[in-house]
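>>> Return atomic coordinates for the entry below.
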Amino acid sequence: MRHVLRWLLLPLLLIGALFSATAQDIDQVIYFVAPAAPTNAAAQNFLTRLAAEFQALDVSIFVVDELPDALAQTAAAQAHPVIQLLVVQETDTSRLALNLDVISGGSLPASPIVKLSFDGPVHALPAFDATDEAASQQALNHLVGVGMALLGDCPAAEARLNQSAQVFATMDAALAAEFYMGACRLRADDKPGASRHFERVIAAAPSLSRAPHAAINLAWINVQLGQPEAATKLMDALVAASAPDQPDYSIDRHIKALVARSQVRALMSQFDLALADMDAAIALRPNDSALYVERAQRMTLQSEWDQVLADYNRALEIDPTYAPAYFGRGLLYYSQGPLENALADFKAYIELAPFGEHAAEARSHIEAIEAELQEREG
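Numbers count the residues shown, from 1 in each chain. Okay, the predicted model is just below:
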């Protein structure tokens, strides 16, 4: 079904009303967050052409200059991709540079343990002259390809991203192009096709620590295809590549690598090793609520209920507004009791994240618990 093109630069006050309309009326939607986009004729013409390219593919795009939490959460819940697009104009020229960061890109098949990535690496396109037809088309191909990959249209994505990967062969944009083609194939359950793209990303990256998205997706595929040794080797290499003795060491990358390996180890029922990775991550950043929630999820697999509760409590001591901790603790109370505590935690989650990833499940649990409590009261 062809959708009506809607290209709008919106003030913040209009975003809520706009989203209500899109959620009901439009199937294929992409949000571009473009703060302080240049207003010169060349830049505006490029953005108009971008809209036309998507319109030809029956996709509606919305451009906003800010992204409130409610819009981000709702877009994620409804699998509408959100792309931050920073458009930088060189002084007194028609040259533009584009930086892309996928904030929300839909979901991938996985398990509750492993968090696969469809939101690829932040990357940039080289500056180009927006009045140059060929150069502009190259940039458009990349943007449209990423957008169509996020929507799950692999043939349309690959038609554009294959061109992008060739044009930007030595740059991070080429790695991103390969990643999004792989993620799209994985979403379509084409594991061999996805593997080929992720392997190209890993082979071309200057360091495995710069390709963590591809590495964990590929490791998950290895496990699914009955190749646990390959998954283990890949995750060990990812942790080693991000270790403190590396010249490009980053504590953020190292923690993410430890968490990723923990997820894959848990998937392979290596629970003690999975917990060891989470302990190491927490030792590096002991005041990160998200890490305690991750560790609680690992301990849940071993039915260590007291330790699970302790980690959820610790996460909320650090940050009383961290919604995932309320949801996780609510699930624990729902299964172990008391139900009144579970009800309170699910309600706290909804209050903090009314459009969050677990909002629908939390509301369902609230309804079920309230019915059970009323039945008890007679």
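>>> and L161, what pLDDT?
Looking at L161, its pLDDT reads 94.
>>> again, but for A21
For A21, the predicted pLDDT is 36.
>>> Same question for V29.
Predicted confidence (pLDDT) for V29: 87.
>>> any idea how far L71 is from the residue lying closest to it once chain neighbours are set aside?
The spatially closest residue to V29, leaving aside those adjacent along the chain, is H80, at 4.6 Å (CB to CB, 6 or more residues apart in numbering). Using the backbone N, CA and C atoms, a C-beta is placed for each residue, glycine as well. According to CB to CB, to the nearest Å, H80 and L71 sit 10 Å apart.
>>> swap in R298?
The value you get for R298 to L71, if CB to CB is used, is 32 Å.
>>> just F46 next, same as before
Applying CB to CB to F46 and L71 gives a distance of 24 Å.
>>> tell me the domain boundaries of the protein?
Per the TED database, the domain ranges recorded for the chain read 30-175, 208-285, 302-377.
>>> Apart from its chain neighbours, what residue comes closest to V146?
Excluding its sequence neighbours, the residue lying closest to V146 (CB to CB, 6+ apart) is Y180, at 5.3 Å.
>>> buried residues in the helix or strand that contains A362?
Following DSSP states H and E, one finds A362 within helix 359-377. Within helix 359-377, the residues that count as buried by 16 or more other CB atoms under 10 Å are A359, A362, H365, I366, I369.
>>> OK, contacts around the last one?
Translated: I369. Residues in contact with I369 (CB atoms under 8 Å, 6 or more residues apart in numbering) are Y334, L339, A342, L343, F346.
>>> Only alpha carbons, please: show stretch 42-50 as CSV.
Provided in CSV are the C-alpha atoms of stretch 42-50 (Å, rounded to 0.1, in the frame of the first residue of the first chain):
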residue,chain,number,x,y,z
ALA,A,42,21.8,23.0,-1.2
ALA,A,43,21.1,21.3,2.2
GLN,A,44,17.3,21.8,1.9
ASN,A,45,17.4,20.4,-1.6
PHE,A,46,19.3,17.3,-0.4
LEU,A,47,16.8,16.7,2.4
THR,A,48,13.9,17.1,-0.1
ARG,A,49,15.5,14.5,-2.4
LEU,A,50,15.9,12.2,0.6
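>>> And H80 and L71? Which one has more around it.
Using other CB atoms under 10 Å as the criterion, H80 and L71 rank with H80 on top: 25 against 22.
>>> Against E377, how distant is that one?
Counting by CB to CB, the gap from H80 to E377 is 42 Å.
>>> Likewise for P247?
65 Å.
>>> Q307 reaches M299, doesn't it?
Yes: Q307 is in contact with M299 according to CB atoms under 8 Å; the separation is 5.0 Å.
>>> Show the average pLDDT along the helix or strand harbouring Q137.
Element membership for Q137 (DSSP H and E) is helix 133-150. What helix 133-150 shows for mean pLDDT is 93.
>>> just checking, next helix/strand downstream of that helix?
Counting by DSSP H and E, what follows helix 133-150 is helix 154-167.
>>> Show me what that next one is in contact with.
Residues contacting helix 154-167 (CB under 8 Å, 6+ apart): 57, 138, 141-142, 144-146, 148-149, 173-174, 177-178, 180-181, 184-185, 187-188, 190.
>>> so where do the strands sit in the protein?
9-10, 29-33, 60-64, 82-89, 95-104, 123-129 (DSSP state E).
>>> May I have the third one as CSV, with CA atoms only?
It stands for strand 60-64. Only the C-alpha atoms of strand 60-64 are listed here, as CSV (Å, rounded to 0.1, in the frame of the first residue of the first chain):
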residue,chain,number,x,y,z
SER,A,60,7.0,8.0,5.1
ILE,A,61,9.7,9.9,6.9
PHE,A,62,9.3,12.5,9.6
VAL,A,63,12.1,15.0,10.6
VAL,A,64,12.1,16.4,14.1
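>>> now it against helix 133-150, angle please.
Strand 60-64 runs at 100 degrees relative to helix 133-150, counting by axes from the mean of the first three to the mean of the last three CA atoms, to 10 degrees.
>>> I'd like to know which elements strand 60-64 is packed against.
Strand 60-64 makes packing contacts with strand 9-10, helix 15-25, strand 29-33, helix 41-55 when contacts are defined by 3 or more CB pairs under 8 Å, 6 or more residues apart in numbering; DSSP states H and E.
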